[in-house]
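Undergrad: What follows is a predicted structure for the sequence shown.
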Amino acid sequence: MCWDNAEKTTLLFEFQGQWTLNELYACMNKAQALMAEVTHPLDFVVDLRQSRTLPPGFIPAMRYVYDVSHQRMNRMALVGMNRFIMLFNDMFMQLNPNKPAPGRVLLCATPEEARAWLRETQAQPT
């Protein structure tokens, strides 16, 4: 988990292999510290290309993630989601009151595609 650009407008989250909820919570703690460095809205790139599956208890954990980040999140690009993860994401988005507004989340094949989308939509109002 780190800044994805020098301007500190985009956070990059990378999940690999079989990760745990404890790793997710540690990642979010680091994200909160980075978010505190700036006052502007942030874009998120979540790279799941190397992630094998979701850990048990993922759905309740995602509520925490969105509750922590939704007020600062501008747009989110989800990279490399397999069908299993997409199913959970779709279900969560339907149930979450803090879900991003329509058009603020995009599924991408690569981080480069995600960054291009963020550049293209940069001038659009939130």
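TA: Ah, there it is.
Undergrad: Identify, by residue count, the longest strand of the chain.
TA: strand 42-51 (DSSP state E).
Undergrad: hey, where'd the helices end up in the chain?
TA: Assignment of helices within the chain using DSSP state H yields the ranges 21-35, 58-69, 83-95, 111-120.
Undergrad: Out of these, name the one with the poorest average pLDDT.
TA: Sorting these by mean pLDDT places helix 83-95 lowest, at a mean of 69.
Undergrad: Arg49: which of the helices of the chain is closest?
TA: Taking CB to CB, helix 111-120 is the member of the helices of the chain nearest to Arg49, at 8.5 Å. The C-beta positions use only the backbone N, C-alpha and C, and glycine is treated the same way.
Undergrad: want to throw the helices of the chain into CSV with distance to Gly103?
TA: What follows is the helices of the chain, written out as CSV (distance: least, CB to CB, whole Å):
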stretch, distance to Gly103
helix 21-35, 22
helix 58-69, 17
helix 83-95, 13
helix 111-120, 11
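Undergrad: hang on, the earlier thing: and the angle from the longest strand of the chain to helix 111-120?
TA: Relative orientation of strand 42-51 and helix 111-120, computed by axes from the mean of the first three to the mean of the last three CA atoms, to 10 degrees: 160 degrees.
Undergrad: Cool, thanks, talk later.
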